[in-house]
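Undergrad: Pasting a predicted model and its sequence here:
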Amino acid sequence: MTLRGKVVETVTPKNKKVKRWFYIDIRKALDDAADREEAIAGVPEDRRIRTDFGREVVLDLSTPEGEYSALMYPVTQVFDWDRWQDGFDKHWRGDEHEAVRETFRVFKRHVLENFKGYRVPVISLDRSTSKEAVCVVFEKVNTGGKPLDAFELVTAMYAADGHELRKDWYGDDEHKGRHKRFVDTMRPADSEAGIIANVSNTDFLQAISLFFTRERRREAERAGKTGKELPAVIGNRQALLNLPLTAYKRYEKQVEHGFVQAAKFLHMLHSYRIFDLPYQSQIVPRAAIIADIGEGVGARGESGETCALVLERRVWRIVRLGGRESRIARDFMEVPRWLPGGPEPSTVSETIFRRPLEDHAHAPFSCLKA
């Protein structure tokens, strides 16, 4: 464990063995709009993050001064922060850096002290407990130890208000659920599933959260708030957990219609099956945007450069580059303003196309960076 003061031996998603030190990004940990799990960063054994095939160091945490400068807190110090804080305060000494020192004090109160105060649940079995009972407890604890995803947690929250979210998604003996409707949407005759069959329940909630958080942002704007006072438009895990049942009911039909229209739009682009999609994650922003701008998308036979043609020729070549949560939210906000002639979305203006190297000709997407 990192808490022992030793580097952690772990594996990557591709099952490659690596050694990592873990840090908490202080700024991200205090960002209410971010999922706190995103504040955890793993760095190589030499504590340096490099780019350009290892030639350029973009983050150096090999010294305490590097940690102080980057506001990256080592997980090895979560139970013993005094010495690290002394060095941090000395590094950021002076009245002009009081705000930085206060940032760490807030981080200590809201993050680090949680480690010392965390209560670990314990099941105690005495010697008289039968082996059968021990086996049952072991089975329940291990099967119940699987982390709940956002959909399951939201399901539990809505159940307290009498709403069966699982029935909405999976249906029952009498009603076809939303998942089955998506599977059947635009399904080719020779296929078992249509192009949006892999849309997950959390994808659907993510699209709804974009509408809800945008609504909150607009309310704040009408109240005269600006800058950092405005709530972020987001669709991350934390946003899903903060999604009230009233917002879900307000937007569920509109968002479902957006996913169906997105499937029709993909057919217009001659994409018929799931494997035609370069990225599954492109479905969420596409459906949310179409749900937002209405019925004009996907219609044929219109004169001039319609919204459908703009989306076909320009927008989706950018969305195909990927679907990080931050980009999805930006596309949702910026693309509808762009279509009538507004400023280009950042996913268009900030995209760089690089000429591929000859020896990489077999990798058609290796030349794209966004």
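TA: Good, I have the coordinates. Numbering: from 1, shown residues only.
Undergrad: Can you give me the buried ones in stretch 251-263?
TA: Going by neighbour count (16 or more other CB atoms under 10 Å), the buried part of stretch 251-263 is Tyr251, Glu252, Val255, Glu256, Gly258, Phe259, Val260, Gln261, Ala262, Ala263. All C-beta atoms are positioned from the backbone trio N, CA, C, and that covers glycine.
Undergrad: how about the first one, secondary structure?
TA: If I follow you right, that is Tyr251. Secondary structure state of Tyr251, per DSSP: H, G, I helix; E, B strand; the rest coil, is helix.
Undergrad: now it: how far from Val100?
TA: As judged by CB to CB, to the nearest Å, Tyr251 and Val100 stand 40 Å apart.
Undergrad: Just the element for Arg216, please.
TA: Assigned by DSSP states H and E, Arg216 belongs to helix 201-222.
Undergrad: With Phe107 instead?
TA: With DSSP H and E as the criterion, Phe107 is inside helix 98-107.
Undergrad: Give me the distance from that helix to the chain's centre.
TA: 27 Å (CA atoms, centre = their mean, to the nearest Å).
Undergrad: Please save the CA atoms from the helix holding Arg216 in CSV.
TA: Output of helix 201-222 as CSV, limited to C-alpha atoms (Å, rounded to 0.1, in the frame of the first residue of the first chain):
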residue,chain,number,x,y,z
ASN,A,201,-28.7,3.3,-18.1
THR,A,202,-25.9,5.7,-16.9
ASP,A,203,-25.6,7.1,-20.4
PHE,A,204,-29.3,8.0,-20.3
LEU,A,205,-29.0,9.6,-16.9
GLN,A,206,-26.0,11.5,-18.0
ALA,A,207,-27.9,13.1,-20.9
ILE,A,208,-30.7,14.1,-18.5
SER,A,209,-28.1,15.6,-16.1
LEU,A,210,-26.9,17.8,-18.9
PHE,A,211,-30.3,19.4,-19.2
PHE,A,212,-30.8,19.7,-15.4
THR,A,213,-27.4,21.3,-14.7
ARG,A,214,-27.9,23.7,-17.7
GLU,A,215,-31.2,24.7,-16.2
ARG,A,216,-29.5,25.4,-12.8
ARG,A,217,-26.9,27.5,-14.6
ARG,A,218,-29.5,29.5,-16.5
GLU,A,219,-31.3,30.2,-13.2
ALA,A,220,-28.1,31.4,-11.7
GLU,A,221,-27.5,33.7,-14.7
ARG,A,222,-31.0,35.1,-14.3
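Undergrad: If you count neighbours, what's buried in that helix?
TA: Buried, per 16+ other CB under 10 Å, within helix 201-222: 201-214, 217.
Undergrad: ok, and what's touching that helix?
TA: 149-151, 154, 169, 178-179, 229-235, 239-240, 242-244, 247-248, 250-252, 254-256, 258-259, 283-284, 287-288, 291-292, 325, 328-329, 332-333 (CB atoms under 8 Å, 6 or more residues apart in numbering).
Undergrad: Just the ones in helices from those, please.
TA: 150-151, 154, 169, 178-179, 239-240, 247-248, 250-252, 254-256, 258-259, 283-284, 287-288, 291-292, 325, 328-329, 332-333 (DSSP state H).
Undergrad: Can you give the domain ranges for this structure?
TA: Following automatic domain parsing, the chain resolves into domains at 2-117, 177-369.
Undergrad: now, of the ones you listed, which is deepest in the fold?
TA: Burial of the domains of the chain is given as mean neighbour count (mean count of other CB atoms under 10 Å); domain 177-369 ranks first at a mean of 17.
Undergrad: Check which helices and strands whichever strand in the chain runs longest sits against.
TA: Across the chain, the longest stretch assigned as strand under DSSP state E is strand 17-25. In terms of contacts (3 or more CB pairs under 8 Å, 6 or more residues apart in numbering; DSSP states H and E), strand 17-25 is packed against strand 8-11, strand 40-43, strand 72-74.
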